[in-house]
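1. Give the three-dimensional model of this entry:
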Amino acid sequence: MSLSPLTSLSPIGVFDSGVGGLSVLSAIRKQLPNENLVFIADQAHVPYGPRPITQVREFSEAITQYLISRGVKLIVVACNTASAAALHDLRAKFPELPFVGMEPAVKPAAEGTRSGVVGVLATPATFQGELYASVVARYANGVTVLQDTCPGLVNQIEKGDLDSPETRGILTRALAPMLEKKIDQVVLGCTHYPYVIPLIQEIVGPQVEVIDPAIAVARQTKRVLDARGSLASSAVPAALTYLTTGNPESLESLLPNLIGETGAVQALSWRGRKLGSPPTLS
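-> Prediction:
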């Protein structure tokens with residue numbers, strides 16, 4: 001699929017398996033307030049973490065093709081699992097389009113640790129991916145890296161359940177063994193997890209730093225667009241389009257709690273391996 005003629009006002013595409021990508025979207029909007037944005041939550045398939053890597057690649061390629069049809073000038077893969085599974089392939093298949101992905105922030109954690117022990121919370125697919133292994137190999141020499149997949153946490157956040165006993169229990173089970181081994185840094189390796197930072201901080205205490213990569217991704221997005229001369233400079237209010245392959249009303253109801261604002265959410269549907277608008281009822 002070839003790209004449509006692009007301008008500085010062409011939108012940035014952002015996608016995730018669900019609401020986690022909204023944490024990255026919010027950071028991009030703060031960093032780049034003039035940019036038009038198209039956000040896709042593939043909630044029909046959330047969570048991506050337990051799925052086979054080949055399947056996540058298929059989803060990511062189809063979403064990319066749909067975003068290209070919307071005329072995007074850059075795509076942010078606002079999902080650690082999709083970045084680990086598909087980012088390399090996406091760049092190879094769509095070389096004319098810039099991509100910004102998620103990389104577990106092991107480097108700043110390793111540089112900032114005083115105890116020599118850091119924790120990483122991420123999905124199984126992220127831990128199994130070559131990207132994560134490469135980051136650990138490059139930056140965590142001499143540092144003990146403890147991992148946990150936090151089973152069930154993404155589903156809790158998708159429901160907007162950010163501080164229930166069940167959510168607290170998932171995080172406590174993950175973090176308590178790490179605290180026993182003296183972690184002083186916690187890396188959030190899933191874009192859903194920043195929404196439970198207050199709860200994580202309550203569990204680990206002020207002596208442990210919690211690292212959210214969303215701000216770094218927003219800065220990288222700005223750097224890439226600036227290098228290509230594609231930054232929007234218009235003072236016209238930027239447009240933001242929300243789309244989901246799940247229930248639009250459900251996502252709309254979560255927006256105030258997750259990003260502090262309201263917005264209309266449009267429906268997308270899967271037709272085999274392609275994305276499109278759902279059929280209208282006659």
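2. From now on I want contacts and neighbour counts done on CA atoms only, so please keep to that.
-> OK.
3. how about C79, what does it touch?
-> Neighbouring residues of C79 by C-alpha atoms under 8 Å, 6 or more residues apart in numbering: F15, D16, S17, G20, G21, G101, M102, C190, T191.
4. And those, which is closest to I63?
-> Minimum distance to I63 across the contacts of C79 is 7.7 Å, recorded for F15 (C-alpha to C-alpha).
5. How is that closest one assigned, secondary-structure-wise?
-> Three-state assignment for F15 (DSSP: H, G, I helix; E, B strand; the rest coil): strand.
6. in what helix or strand does the nearest residue to it once chain neighbours are set aside lie?
-> In space, and not counting its chain neighbours, F15 is closest to I40: 4.7 Å by C-alpha to C-alpha, 6 or more residues apart in numbering. Using DSSP states H and E, I40 sits within strand 37-41.
7. do V56 as well
-> helix 53-69.
8. contacting residues around that helix?
-> Contacts for helix 53-69 (C-alpha under 8 Å, 6+ apart): 1, 3-4, 13, 15, 38, 48, 75, 81-82, 85-86, 89-90, 125, 273-276.
9. The closest residue to L22 other than its chain neighbours: neighbour count?
-> Of all residues not flanking L22 in the chain, I259 sits nearest, at 7.3 Å (C-alpha to C-alpha, 6+ apart). Other residues near I259 number 13, with proximity taken as other C-alpha atoms under 10 Å.
10. any idea of the pLDDT on I259?
-> For I259, the pLDDT comes out at 92.
11. ditto for T280
-> For T280, the pLDDT comes out at 57.
12. What ranges does the stretch 51-200 of the chain have for its helices?
-> With helices called from DSSP state H, counting those that start in this stretch, the stretch 51-200 of the chain shows them at 53-69, 80-93, 106-112, 124-128, 130-139, 153-158, 165-180, 197-204.
13. Distance to P213, mean neighbour count and mean pLDDT for the ones you listed - can I get that in CSV?
-> Rendered in CSV, the data for the helices of the stretch 51-200 of the chain read as follows (distance: least, C-alpha to C-alpha, whole Å; neighbours: other C-alpha atoms under 10 Å; pLDDT from 0 to 100):
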stretch, distance to P213, mean neighbour count, mean pLDDT
helix 53-69, 20, 19, 97
helix 80-93, 10, 22, 94
helix 106-112, 10, 19, 95
helix 124-128, 14, 21, 86
helix 130-139, 14, 15, 91
helix 153-158, 17, 20, 95
helix 165-180, 19, 17, 98
helix 197-204, 12, 16, 97
